[in-house]
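J.: Could you look at this predicted model? Sequence included:
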Amino acid sequence: MADDERNKSRRWLRGIIHYDPENRKTFVRRTMGFGFTINFATPFGKVLGIVMILVIIAIVVLKYR
């Protein structure tokens, strides 16, 4: 595997979660399929990640209350 490909793969977790502190864009193109994903290394990406987790927890708690 080339160094460039190895560096790119280090920025992705299971091809879904993107974490690249060098990239300042919050939304980046996916490597597989089409569309965009969130760069969780940006401040806004971290806020979006926390909000998504809180929404999921709220849905589960309210459903099984």
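T.: Structure received.

J.: Quick check: mean pLDDT of the helix of greatest length in the chain?
T.: Looking across the chain with DSSP state H, the single longest helix is helix 43-63. Averaged across helix 43-63, pLDDT comes to 96.

J.: Check what contacts it and list those residues.
T.: 26, 38, 39, 40 (CB atoms under 8 Å, 6 or more residues apart in numbering). For the C-beta atoms, the positions are set from N, CA and C on the backbone; glycine is no exception.

J.: redo that, cut-off 10 Å
T.: 17-20, 25-28, 37-40, 42 (CB atoms under 10 Å, 6 or more residues apart in numbering).

J.: ok, of those residues, which come out buried?
T.: 18, 19, 20, 26, 28, 37, 38, 39, 40, 42 (16 or more other CB atoms under 10 Å).

J.: Next step: those restricted to strands.
T.: 18, 28, 37, 38 (DSSP state E).
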